[in-house]
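[1] let's see this in three dimensions:
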Amino acid sequence: MTRASKSRRPLSVAHLLAVVGIGLAVVMIGAFNRRLAAGQRVLESQRVLQTQVAILEDEQQLLQTQVAYATTDAAVIEWAHAEGKQVQPGEVLVVPIPGTPPVTPSDLAPEAPAPAPGNWELWWILFFAPSP
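    Purely as a prediction, here's the structure:
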């Protein structure tokens with residue numbers, strides 16, 4: 001027998017069990033790692049969904065507030081004035097014409113007449129005004 005064949009001993013049962021045990025440990029660690037990664041993905045999805053739910057709940061609250069306002073008399077009156085072009089008794093409907101400057105309340109008020117000149121001013125004008 002050669003020296004190489006003498007130094008090589010057959011695998012013992014203990015060695016064989018150790019190799020199988022290491023192989024099983026590697027497989028189990030890989031499976032555990034995959035489960036951890038899947039769990040992390042689920043947690044990230046949960047966080048994203050919780051954020052979306054919070055946004056949708058805020059939107060729902062806003063819409064409920066708008067619905068509550070839309071059913072009030074104030075909303076109906078606002079719509080009637082803005083969109084329906086309707087007026088209440090005692091109001092005047094004003095429809096602006098495009099391209100014209102807006103009319104202010106001071107434009108609508110009649111101008112106050114100039115104060116009447118006093119008697120002495122009339123006499124002054126009669127005697128000292130240049131003739132036409």
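[2] contacting residues around residue 47?
    Listed by Cβ atoms under 8 Å, 6 or more residues apart in numbering, residue 47 has no contact partners. For every residue, glycine as well, the C-beta is placed using N, CA and C.
[3] so where does it fall, helix or strand?
    For residue 47, the element it lies in under DSSP states H and E is helix 13-70.
[4] contact partners of the following helix or strand past that helix?
    Later in the chain than helix 13-70, the nearest helix or strand by DSSP H and E is helix 73-82. Contacts to helix 73-82, defined as Cβ under 8 Å, 6+ apart, come from residues 69, 86-88.
[5] hey, which helix or strand in this structure has the poorest pLDDT?
    helix 3-7 (a mean of 59; mean pLDDT, DSSP states H and E).
[6] what's the neighbour count on residue 81?
    For residue 81, the neighbour count with other Cβ atoms under 10 Å is 14.
[7] any idea how far it is from residue 35?
    Here residue 81 is placed at a distance of 64 Å from residue 35 (Cβ to Cβ, to the nearest Å).
[8] repeat for residue 25
    Applying Cβ to Cβ to residue 25 and residue 35 gives a distance of 16 Å.
[9] do the same with residue 73
    With distances taken as Cβ to Cβ, residue 73 is found 61 Å from residue 35.
[10] give me the phi and psi for residue 119.
    For residue 119, the backbone dihedrals (degrees, to the nearest 10) come out as phi -60, psi -40.
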